[in-house]
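sequence first, then the predicted structure, then my questions.
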Amino acid sequence: METPYVTLKVENKVGYVEFFHPNRNSMPSDVLSQLEQTIVSAGTDDKIKVIVLKSGGDRTFCAGASFNELIAIEDAETGKQFFMGFANVINAMRKCPKLIVGRVQGKAVGGGVGLAAATDYCLANKYASIKLSELSIGIGPFVIEPAVSRKMGPNSMSQMTINSETFFSAEYGKERGLFSEIFETTEALDTAVKDLTEKLSGYNPEALAEMKKVFWKDAQHWDELLAERAEISGKLVLSKFTKETLKRFK
């Protein structure tokens, strides 16, 4: 059985942050914590000028929250702390002084859509369909909503939330602003990511850092906002509806 990991590799001044979990790259608390710490570390590493966020494996970028861990939650504080994992990663991406380019090689569900939305520029292949499944299991995409709405707009956010059992195509993601470009193959995607990030790594890092501040200028209150949203999700995951629904995924 493959082991979960988060790694950081530096190539040509580009820091490649890669996460993996054998269960479709779902995210338990320990992987989320490692991912947050790795992004913070990459942001302070002088050898790195631009960051790429990617996942291991093929055809699935991230399946969102770990259902196994959700099932085990028995109190609201534990629930809040679990959802703070996603909040902390998104805030780490927001505060990182370096541009983060997303590389989405397959399906993204729930928190996975949130991670893609929190990148500064996101490239994907044609298999990168997206789904916000939270309402269908009795919670909601509360923590990731600010990131998704910021990138895709409130109408797309509400459409995906309400149609919680529907996968929306990669092309939909591009039309709504989540993805900047779509590629036919993962190989073409990787080439485009490499070309873009190595070009960016040659630009003035001070200018890139100042532009990033401009990109995120309206999100300074997210530390408090995402914590409030995590608290809502932490309570809802204890509901009878959610507990019964999650049992199906055991």
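On my side now, so go ahead. Numbering: from 1, shown residues only.

only C-alpha atoms for contact and neighbour calcs from this point on.
Noted.

which residues does stretch 74-82 contact?
Taking contacts as C-alpha atoms under 8 Å, 6 or more residues apart in numbering, the residues outside stretch 74-82 that touch it are 29, 70, 73, 227, 230-235, 237-238.

what comes up buried for that stretch?
Buried residues in stretch 74-82, counted by 16 or more other C-alpha atoms under 10 Å: 76, 78-82.

report the separation between the residue nearest the centre of the chain and residue 19.
With distances taken as C-alpha atoms, centre = their mean, residue 115 lies nearest the centre of the chain, 1.1 Å away. With distances taken as C-alpha to C-alpha, to the nearest Å, residue 115 is found 12 Å from residue 19.

pLDDT below threshold where in this structure?
Residue ranges of the chain with pLDDT under 70: 1, 250.

before we move on, the earlier item: the residue nearest to the centre of the chain sits in which helix or strand?
Element membership for residue 115 (DSSP states H and E) is helix 111-117.

so how far is that helix from its chain's centroid?
In terms of C-alpha atoms, centre = their mean, to the nearest Å, the centre of helix 111-117 is found 3 Å from the chain centre.

also stretch 201-211?
23 Å.

now what about that stretch, what contacts it?
Residues contacting stretch 201-211 (C-alpha under 8 Å, 6+ apart): 13-14, 49-50, 97-99.

if we go to 6 Å?
Stretch 201-211 is contacted from outside by 49-50, 97-98, using C-alpha atoms under 6 Å, 6 or more residues apart in numbering.

could you dump those into JSON lines and include distance to residue 65 and neighbour count?
Output for the contacts of stretch 201-211, formatted as JSON lines (distance: C-alpha to C-alpha, whole Å; neighbours: other C-alpha atoms under 10 Å):
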{"residue": "49", "distance to residue 65": "30", "neighbour count": "28"}
{"residue": "50", "distance to residue 65": "27", "neighbour count": "28"}
{"residue": "97", "distance to residue 65": "26", "neighbour count": "22"}
{"residue": "98", "distance to residue 65": "26", "neighbour count": "27"}
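
so which of those residues sit within helices?
When DSSP state H is applied, these are split such that none fall in helices.

before we move on, back to that, counting by contacts, list what the helix holding residue 115 packs against.
Helix 111-117 is packed against helix 145-152, with contacts defined by 3 or more C-alpha pairs under 6 Å, 6 or more residues apart in numbering; DSSP states H and E.

since that was my last question, I'll sign off now.
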